[in-house]
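# pasting a predicted model and its sequence here:
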Amino acid sequence: MEAFKILFSTSTGLMSLGVIVFIIGMGWFFARMFARKMREDGEAAKTRDAAQRN
């Protein structure tokens, strides 16, 4: 419990907590962005393939 007390009460702990939250948020953002780009690229590839067949 001492670690949580230090994490939430000292300036160093709060900065560490901020960095941890930021990194988790950045990972979530990039995961969503990459998933969206892969889905869009897959749809574009299907459209290109269909256009080339005709």
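Received, thanks. Here the structure is a predicted model, which is why all the values come from computation and not from measurement. Residues are numbered from 1 along each chain as shown.

# hey, let's count contacts and neighbours off CA atoms from now on
Noted.

# elements contacting the longest helix along the chain?
In terms of residue count, the longest helix belonging to the chain (DSSP state H) is helix 11-53. Where contact means 3 or more C-alpha pairs under 8 Å, 6 or more residues apart in numbering; DSSP states H and E, helix 11-53 is packed against helix 2-9.

# which residues touch the helix it packs on?
13, 14, 16, 17 (C-alpha atoms under 8 Å, 6 or more residues apart in numbering).

# now those residues: which count as buried?
residue 13 (16 or more other C-alpha atoms under 10 Å).

# ok so, going back, mind checking how far the longest helix of the chain is from the chain centre?
With C-alpha atoms, centre = their mean, to the nearest Å as the basis, helix 11-53 stands 5 Å off its chain's centre.

# let me know the pLDDT of residue 48.
Residue 48 is assigned 86 on the pLDDT scale.

# quick one, the longest helix of the chain and helix 2-9 angle?
80 degrees (axes from the mean of the first three to the mean of the last three C-alpha atoms, to 10 degrees).

# per-residue pLDDT, residue 53?
So residue 53 comes in at 80 (pLDDT).

# same deal with residue 20?
98.

# same question for residue 45.
pLDDT at residue 45 comes out at 88.

# distance of it from residue 27?
27 Å (C-alpha to C-alpha, to the nearest Å).

# over to residue 18?
With C-alpha to C-alpha as the criterion, residue 18 and residue 27 are 14 Å apart.

# and residue 4, by the same measure?
In terms of C-alpha to C-alpha, residue 4 sits 24 Å off from residue 27.

# out of those two, name the residue with the larger neighbour count.
residue 27 (12 against 9; other C-alpha atoms under 10 Å).
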